[in-house]
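**Q** Next one to model:
(2 chains)
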Protein chains: 2
Amino acid sequence: MNRQELVQLIRDRKSYLCIGLDTDMQKIPKHLHSHPDPMFAFNKAIIDATQDLCVAYKINTAFYECQGIRGWESLQRTIEYIPKTVFTIADAKRGDIGNTSAYYAKTFYETYGFDSVTVAPYMGRDSVEPFLGFSDKFAIVLGLTSNAGSADFQLQPAGDGLLYEKVLRTCASWGTPDNMMFVVGATQADSVAAIRKIVPDHFLLVPGVGAQGGSLKDISEKGMNGDVGLLVNASRAVIYAGNDEKFAEDARAAAQALQAEMATYL
Amino acid sequence: MNRQELVQLIRDRKSYLCIGLDTDMQKIPKHLHSHPDPMFAFNKAIIDATQDLCVAYKINTAFYECQGIRGWESLQRTIEYIPKTVFTIADAKRGDIGNTSAYYAKTFYETYGFDSVTVAPYMGRDSVEPFLGFSDKFAIVLGLTSNAGSADFQLQPAGDGLLYEKVLRTCASWGTPDNMMFVVGATQADSVAAIRKIVPDHFLLVPGVGAQGGSLKDISEKGMNGDVGLLVNASRAVIYAGNDEKFAEDARAAAQALQAEMATYL
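**A** Numbers count the residues shown, from 1 in each chain, chains lettered A, B, ... in the order given. Reported below is the predicted structural model:
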């Protein structure tokens, strides 16, 4: 999916909601455990219940990887099940020297067919560029993350600004808003004005609304650009809204509340 | 494996060689392609031919991930085949918010049973700490990497030094030499004296000898500490030393040359 199609999808659905499929065997309803593939059964029910309310699904690969090979099977069934009309994100935070990053890009864009993958910037240009050379695919580079640890390096002085500002400015020079986005945590709303000065046109993937305490209102007011430019992710707040036989209905209700609020900001 | 056992292994074998299993379907000898699991067949032959010459194997997960589920099957067969007497490294460069990093730690330490995993530091303390709470397991944090892109952020000024120095100093305060190591590229030998001032006791995992141009002599003279403190990795220079029916013998010869050189530095 390209940028223009994503913007149109957001306008059509009056939603910039991304639902994070952080599917955790410890947290899914007990009655699914007897299913041959409980993680996929859970995801399928969530996707069926929410696909008209969101514009993207984000798969956090760690939750699947820790289950070993059967976890990757659940991941593959899930990405194949997500309608092609919705944007897909592999939240994998990969990044390595050039020839290795090229294999990670191939993994997520081609082997599994995601529209995008999250990328860690610490190793610099040749670790990020291999993710940029694919048509209608996006590298979503970590900018200013939602967690407390963002203070350790990202918010430290680096040259004439803060490290995350340098990362945004430098990485933006390697790509375009058509092949790059940035991760900016919803808990960092106070920094969003500064971020929009550096990357006015890029989409921002915004985790941290809900369980992590970020405000949808704040990030929407401060982060939106002329093309909306936001994908706001909710994971636990949507997918674990309920925990019994009607978990999918509860997830739909949670997603609908977020979508309705988003519609008022658009 | 704990630090003391690793040091003893190095002393016993007169080797601090780590062999990188960057096993690439494009590069393995053609006659292996008819094997039901060509990547494992290649790795098994390399391990059989080299296991007495090295002290560690490093599996670069990207090469396996890009093959989809069958790649993870090859990875699993390989880690199960490596003798427990040798140190194992998942070169996966993971790192995410706390609950997600905890799943990555579980993935590599428990699901697959590696002794260590490489970790990207950009997201700070809560992204690294979940890798530290396992007995006899090591987080190998990216310090100063071997690639050209290390100049983009790692070698930039940050506070009263360079960013990688801040990363080493800060991360070292979260763990100990018994549960943390650092990645330092062999191409960065000029910085190793400065690095040893910051982390005198930690093991350094040193990629970049061979195909990337780093010197084993330089890094050994400058980086060794009282417990040796080095794991020098060679991937392509060993595993692709030959490309025909006798590839494993050629790999052994390449590994033996490196081990013999290492013995002179010990």
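
**Q** residue contacts, residue A:111?
**A** By CB atoms under 8 Å, 6 or more residues apart in numbering or on different chains, residue A:111 lies in contact with B:65-68. All C-beta spots, glycine's among them, are computed from the backbone N, C-alpha and C.

**Q** again, 6 Å this time
**A** Taking CB atoms under 6 Å, 6 or more residues apart in numbering or on different chains, we find residue A:111 in contact with B:66, B:68.

**Q** So the spatially most central residue of chain A, which state does it fall into?
**A** Note on chain A: the residue nearest the mean C-alpha position is residue A:58, at 4.8 Å, using CA atoms, centre = their mean. Three-state call for residue A:58 (DSSP: H, G, I helix; E, B strand; the rest coil): strand.

**Q** That one and residue A:126, how far apart?
**A** Using CB to CB, to the nearest Å, residue A:58 is found at 26 Å from residue A:126.

**Q** what's the answer for residue A:220, then?
**A** Going from residue A:220 to residue A:126 by CB to CB gives 35 Å.

**Q** got it, and residue A:67?
**A** 32 Å.

**Q** returning to what we had before: tell me the contacts of the residue nearest to the centre of chain A?
**A** A:18, A:20, A:89, A:91, A:233.

**Q** isn't the second one right next to residue A:236, touching?
**A** No: here residue A:20 lies out of contact with residue A:236, judged by CB atoms under 6 Å, at a distance of 7.8 Å.

**Q** Which one of the two is surrounded by more residues?
**A** Comparing residue A:20 with residue A:236 by other CB atoms under 10 Å in any protein chain shown, the one with more neighbours is residue A:20, at 22 against 16.

**Q** Counting neighbours, what do you get for the nearest residue to the more buried one once chain neighbours are set aside?
**A** Closest residue in space to residue A:20, ignoring its immediate chain neighbours: residue A:235 at 3.0 Å, by CB to CB, 6 or more residues apart in numbering or on different chains. Using other CB under 10 Å, residue A:235 is surrounded by 24 other residues.

**Q** what does residue A:245 give?
**A** Neighbour count of residue A:245, defined by other CB under 10 Å: 11.

**Q** Give me the sheet partners of the helix or strand residue A:142 falls within and which way each runs.
**A** Using DSSP states H and E, residue A:142 sits in strand A:138-144. Strand A:138-144 has the following sheet partners, assigned by DSSP bridges: strand A:116-119 (parallel), strand A:180-184 (parallel).

**Q** Tell me which helix or strand comes right after it.
**A** Next in sequence after strand A:138-144, counting helices and strands by DSSP H and E, comes strand A:157-158.

**Q** what's the helix or strand that comes right after that next one packed up against?
**A** As assigned by DSSP H and E, the chain's next helix or strand after strand A:157-158 is strand A:161-162. Packed against strand A:161-162 by the contact rule (3 or more CB pairs under 6 Å, 6 or more residues apart in numbering or on different chains; DSSP states H and E) you find no helix or strand.

**Q** per-residue confidence averaged over strand A:161-162?
**A** For strand A:161-162, mean pLDDT is 96.

**Q** other SSEs contacting the helix or strand hosting residue A:168?
**A** Element membership for residue A:168, per DSSP H and E: helix A:163-172. Judged by 3+ CB pairs under 6 Å, 6+ apart, the packing partners of helix A:163-172 are strand A:138-144.

**Q** Measure how the strand it packs on sits relative to strand A:56-60, angle-wise.
**A** Calculated by axes from the mean of the first three to the mean of the last three CA atoms, to 10 degrees, strand A:138-144 forms an angle of 70 degrees with strand A:56-60.

**Q** what's the offset of strand A:138-144 from the middle of its chain?
**A** Strand A:138-144 sits 9 Å away from the centroid of its parent chain (CA atoms, centre = their mean, to the nearest Å).

**Q** could you give the mean pLDDT of that strand?
**A** Per-residue scores along strand A:138-144 average to 98.

**Q** what's that strand in contact with?
**A** A:116, A:118-121, A:131-132, A:150, A:154, A:164, A:168, A:171, A:179-184, A:188, A:191, A:205, B:122.

**Q** Checking residue A:54 next. Helix, strand or coil?
**A** Classification of residue A:54 using three-state DSSP returns coil.

**Q** What's the separation between it and residue A:192?
**A** The gap separating residue A:54 from residue A:192 is 22 Å, by CB to CB.

**Q** Of those two, give the one with the bigger neighbour count.
**A** Remark: of residue A:54 and residue A:192, residue A:54 carries more neighbours, 27 against 23, as counted by other CB under 10 Å.

**Q** pretty sure the more buried one is in contact with residue A:21, am I right?
**A** No: contact criterion CB under 6 Å: residue A:54 and residue A:21 do not qualify, at 10.9 Å.

**Q** got a list of what the closest residue in space to residue A:204 that isn't next to it in sequence touches?
**A** Nearest residue to residue A:204, sequence neighbours excluded (CB to CB, 6+ apart): residue A:184, at 4.6 Å. Residue A:184 makes contact with A:143-144, A:195, A:204, A:206 under the criterion CB under 6 Å, 6+ apart.

**Q** please redo it, this time with the cut-off set to 8 Å
**A** Counted by CB under 8 Å, 6+ apart, residue A:184 has contacts A:143-144, A:191-192, A:195, A:204-206, A:223.

**Q** likewise residue A:235?
**A** By CB under 8 Å, 6+ apart, the residues touching residue A:235 are A:19-22, A:58, A:60, A:207, A:210-211.

**Q** What residues of stretch A:135-151 count as buried?
**A** Neighbour-count burial for stretch A:135-151, counted by 16 or more other CB atoms under 10 Å in any protein chain shown, picks out A:137-150.

**Q** oh sorry, the question was meant for stretch A:241-250
**A** A:241-242, A:247-248, A:250.

**Q** Pull the most distant pair out of the residues you listed.
**A** A:241 and A:248 (9.5 Å; CB to CB).

**Q** quick one on the thing from earlier: I'd like to know how far the residue nearest to the centre of chain A sits from chain B.
**A** 12 Å (CB to the nearest CB, to the nearest Å).

**Q** Ok, residue A:138 next?
**A** 18 Å.

**Q** Same question for residue A:45.
**A** In terms of CB to the nearest CB, residue A:45 sits 22 Å off from chain B.

**Q** same deal with residue A:73?
**A** Distance of residue A:73 to chain B, computed by CB to the nearest CB: 6 Å.

**Q** pretty sure that residue contacts residue B:70?
**A** No: if you go by CB atoms under 8 Å, residue A:73 and residue B:70 don't touch, sitting 11.3 Å apart.

**Q** Between the two, point out the one with more neighbours.
**A** The residue with more neighbours, out of residue A:73 and residue B:70, is residue A:73; 18 against 15, by other CB under 10 Å.

**Q** Not counting its neighbours along the chain, what's nearest that one?
**A** In this structure, residue A:73 finds its nearest non-sequential neighbour in residue B:69, 6.2 Å apart by CB to CB, 6+ apart.

**Q** out of the buried residues of stretch A:241-250, which are inside helices?
**A** Judged by DSSP state H, helices contain the following of the buried residues of stretch A:241-250: A:247-248, A:250.
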